[in-house]
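>>> make a model of this:
(2 chains)
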Amino acid sequence: MQIEPITHRNTQLSQQTLLKMYWDMQLSRRLDERAWAIHRQGRIAFHISAIGHEAAQVAAAYAIHRGVDFVAPYYRDLTLMLALGMTPVDFLMSLFGKRDEIGSGGRQMPSHFNNRALNVVSTSAVVATQVPQAAGLAFAIQYKQRCGLVDPNDTAQPRLALTCLGEGSTSQGEWHEAMNWAGVHKLPFICLVQNNVYAISMRVDQQMAVRNVADRATAYGVHGITVDGTDVLAMYDAMSEAVQRAYSGEGATLVEAKCYRITPHSSDDDDRTYRSREEVEQAKARDPLLRFRQFLLQESILTDTAIEEYDERAKAVVEQAQIDAEAAPYPEAADAAGAVYKSN
Amino acid sequence: MAEVTLIEAIRQAMDEELASDPRVFVVGEDVGPRGGVFRATQGLYEKYGADRIIDTPLAELSLVAVGIGSALADLRPVCEIQFADFIFPAFNQIVSEAARMYYRTNGSWCVPMVIRAPYGGGIGGGLYHSQSVEAYFAHVPGLKIVVPSTPYDAKGLLKSAIHDPNPVIMFEPKKGYRAIKGDVPDGEYTVPIGPARIAREGRDVSVFAYGMMAHYTVEAASRLATEGIDAEVIDLRTLLPVDKAAILESIKKTGKALIVHEDTRTMGYGAEVAAVLADEGFEYLDAPVRRLTGLDVPGVPFSHPMQDYFMPNPDKIAAAIRELAEY
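Okay, here's the model as predicted:
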């Protein structure tokens, strides 16, 4: 198959950063594939995949101040989370529902990400609920700066809130209300819509009558941009621009990353009931990992041997993470009664 | 000590918390220069400015969700829902999100947010300005629900709610905003979330009520005293968590229980109080547990004769107590 070349060039990324981003994408892919495999083996109950979304997510992570800026992710953000600092063991622990799973102690289904230490806020399964909450996080940033609770130039403080969702979720009223708030209050807010064409089985034209999600930005008085979400360099530049806009007080950005969901919606879905194999195969020409790999080879940033080494290393990391996660204890049954209220 | 109205006490609580903690802000529809449709925030905009008294787009969902987000970022939002009837667009954010955040993150995030919502009928508000919605929320672990019936409690509970690290909803009996007056101390005080209050001590019948109905029940009980019926009135004040101890303590003394709320009957809050009595107070009961509630109809009707028929009032409460006393 002919992989579509990356043509975007105007990026400031160092070679070292490019390689880190490539590593995160490669690791995410191998981890994701392992999750599918152990689901097929009957070892885990559920997996929801990021395959096809890796470029958009890694670019988003590297464009913001990782671990400091607020992030309200959605269930497909495996690569984003890894790039922010979640470990493969963290993820595998969630697949197995282990006690020391970092996000919820095994209370939440896998991929309902949360990581307080990284300023990643917990997400639920009710789509788009995180978006107005992220507007609230952005509002809090603005509030603290205006009321003198933080120094606006203090880079140790969050200076923007990034949230992600799929294009299907933009049909929710939550999304509309959040975008409206972001516009009215000119919030340091980035909404990254990962448009992978499908909301489970429903194509994007069943979700909206406009061509692009980002076309709606004008209606909210925010900046909107549609990007090739499988081109990591184009994504990085678009995200960086959005970050600068947020940091400099110029308001919110709606970034739409056009990609394709290469896998079924989740391990419980059978996508053969609603799309052809040919369509899926064709979309793989825009596999974001393969496009980035081809770019790195063409630019002589990586050799074939080095590519192979990255891959082997990713497999080894995943293998060890699975061993560690499987060996970890399950929660005590009575942990179900766990703390419901925080004490004063 | 000064006598103030219920709404003045609520305003004082917000004013004092705004003054003492820069993380506290008020957010809602028309809360700014307008001072709120009931004037709960009157004067606060002039005192604290547009950065801290925030008029929102007319959308309750995002009003609450932005509250959640800012609470996650360690601010202390006080969200005003204009009428409790309009809280349902935000139901998902309150129930699926705010209430579950602490549990679902294994304690790593909390939502120190307050939602204030005027509730209740008898004000000519019809189906959509009269509802009592507490039962929907009192069913949700992770929330705390308070309903004051006196200015003292309103101020003290609201201050506790603002200090609380969990999401707290305060339902305010709007019919009593100006009708209910009472003493409020000059200095700093709080009323803890949790314990019920014995509004009137008595030996013959226990009446469990809250909000406007607690106010009416005290009135009914005073009248009955002249007839030689000595009713005890327990103002529940906090609906979630349930103060089982106070309920059981009172039934031990009287052996007879009446529960009064203006919310509709079936699956209302009274059902939970009755269940506590049946489960843990059975041996003390000398009479069936009775409920006096609003009618099981989809809303409080607008026209006065129908509205009055719907609403419990001091006369109906007195009749119900009398009947139980005679049992």
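>>> contacting residues for the residue in the stretch 151-300 of chain A that chain B sits nearest to?
Here the residue of the stretch 151-300 of chain A nearest chain B is residue A:177; by Cβ to the nearest Cβ that distance is 3.6 Å. Bear in mind the C-beta positions are built from the backbone N, C-alpha and C, glycine included. Residues near residue A:177 by Cβ atoms under 8 Å, 6 or more residues apart in numbering or on different chains: A:132, B:57, B:59, B:61-62, B:65.
>>> element containing the closest residue to it other than its chain neighbours, please.
Counting by Cβ to Cβ, 6 or more residues apart in numbering or on different chains, residue A:177 lies nearest to residue B:62, which is 3.6 Å off, once chain neighbours are set aside. Per DSSP states H and E: residue B:62 is located in helix B:60-72.
>>> I'd guessed the residue nearest to residue A:177 sits against residue A:132; true?
Yes: contact criterion Cβ atoms under 8 Å: residue B:62 and residue A:132 qualify, at 4.5 Å.
>>> the more surrounded of those two?
Just comparing residue B:62 and residue A:132: by other Cβ atoms under 10 Å in any protein chain shown the higher neighbour count belongs to residue A:132, 36 against 29.
>>> how many neighbours does the residue lying closest to that one once chain neighbours are set aside have?
Distance criterion Cβ to Cβ, 6+ apart; nearest residue to residue A:132, sequence neighbours excluded, is residue B:65 at 3.3 Å. With neighbours defined by other Cβ under 10 Å, the count for residue B:65 comes to 31.
>>> quick one: contacts for residue B:65?
A:129, A:132-133, A:135-136, A:174, A:177-178, B:90, B:93, B:97.
>>> mind doing that once more with 10 Å?
The contact partners of residue B:65, taken as Cβ atoms under 10 Å, 6 or more residues apart in numbering or on different chains, are A:128-136, A:174, A:177-178, A:181, B:59, B:79, B:90, B:92-94, B:97-98.
>>> mind checking which of those residues land in strands?
residue B:79 (DSSP state E).
>>> quick one: average confidence on the one helix or strand residue B:321 maps to?
Per DSSP H and E: residue B:321 is located in helix B:314-325. Helix B:314-325 shows a mean pLDDT of 98.
>>> now do the buried residues in it.
By 16 or more other Cβ atoms under 10 Å in any protein chain shown, the buried positions in helix B:314-325 come out as B:314, B:317-318, B:320-322, B:324-325.
>>> quick check: of those, which lies closest to chain A?
residue B:317 (33.0 Å).
>>> once you drop chain neighbours, what's closest to that closest one?
Leaving aside its sequence neighbours, residue B:317 sits nearest to residue B:220 (Cβ to Cβ, 6+ apart; 4.0 Å).
>>> check contacts around residue B:211.
Counting by Cβ under 10 Å, 6+ apart, residue B:211 touches B:119-120, B:132, B:134, B:146-149, B:171-176, B:180, B:235-237, B:239, B:260-263.
>>> smallest gap between the stretch 51-200 of chain B and chain A, at which residue?
residue B:69 (1.9 Å).
>>> correct me if wrong: that residue contacts residue B:27.
No: counting by Cβ atoms under 10 Å, residue B:69 does not reach residue B:27; the two are 11.3 Å apart.
>>> neighbour count winner among these two?
residue B:69 (35 against 24).
>>> and stretch A:49-58, how far from the chain's centre?
Distance of stretch A:49-58 from the chain centroid (Cα atoms, centre = their mean, to the nearest Å) equals 7 Å.
>>> now do the buried residues in the helix ranked longest in chain A.
For chain A, the helix with the greatest residue count under DSSP state H is helix A:15-40. Neighbour-count burial for helix A:15-40, with 16+ other Cβ under 10 Å as criterion, is recorded at A:18-19, A:21-36, A:38-39.
>>> residue contacts, residue 113?
Picking chain A for this. A:71-78, A:80-81, A:84, A:86, A:90-91, A:94, A:102-104, A:120-123, A:130 are the contacts of residue A:113 under Cβ under 10 Å, 6+ apart.
>>> think we crossed wires, I meant chain B
A:136, B:27, B:64, B:67-72, B:75-79, B:94, B:98, B:101, B:161-162, B:164-169.
>>> cool, and residue B:153?
B:6, B:9, B:146-147, B:182, B:184, B:191, B:197, B:199, B:214, B:235, B:237-238.
>>> returning to what we had before: which residues do residue B:69 and residue B:27 both contact?
Common contact partners of residue B:69 and residue B:27 (Cβ under 10 Å, 6+ apart): A:136, A:139, B:75, B:77, B:113.
>>> which non-adjacent residue is nearest the residue of the stretch 51-200 of chain B closest to chain A?
Going by Cβ to Cβ, 6+ apart, residue B:69 has residue A:136 as its nearest residue, at 1.9 Å.
>>> residues near that neighbour, how many?
Neighbours around residue A:136, by other Cβ under 10 Å: 36.
>>> can I assume it is in contact with residue B:66?
Yes: proximity of residue A:136 to residue B:66 meets the contact threshold set by Cβ under 10 Å, at 3.9 Å.
>>> mind listing the shared neighbours of these two?
A:178, A:181, A:187, B:27, B:77, B:93.
>>> could these go into CSV alongside pLDDT and distance to residue B:277?
What follows is the shared contacts of residue A:136 and residue B:66, written out as CSV (pLDDT from 0 to 100; distance: Cβ to Cβ, whole Å):
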residue, pLDDT, distance to residue B:277
A:178, 98, 45
A:181, 98, 46
A:187, 98, 50
B:27, 98, 39
B:77, 98, 37
B:93, 98, 34
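>>> now the two most distant members of those.
Spatial extent of the shared contacts of residue A:136 and residue B:66 (Cβ to Cβ) is set by the pair A:187 and B:93 at 17.6 Å.
>>> please see if stretch A:313-326 touches chain B.
No: judged by Cβ under 10 Å from any Cβ of the partner chain, stretch A:313-326 and chain B are separated, with a smallest distance of 16.7 Å.
>>> dump that stretch to CSV, restricted to CA.
Backbone C-alpha positions of stretch A:313-326 (Å, rounded to 0.1, in the frame of the first residue of the first chain) are rendered in CSV as follows:
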residue,chain,number,x,y,z
ARG,A,313,11.6,-1.6,22.5
ALA,A,314,7.9,-0.7,22.5
LYS,A,315,6.9,-4.4,22.4
ALA,A,316,9.3,-5.1,25.3
VAL,A,317,7.9,-2.2,27.4
VAL,A,318,4.4,-3.4,26.8
GLU,A,319,5.3,-7.0,27.6
GLN,A,320,6.9,-6.0,30.9
ALA,A,321,4.0,-3.7,31.7
GLN,A,322,1.5,-6.5,31.2
ILE,A,323,3.5,-8.8,33.5
ASP,A,324,3.6,-6.1,36.2
ALA,A,325,-0.1,-5.3,35.8
GLU,A,326,-1.2,-8.9,35.9
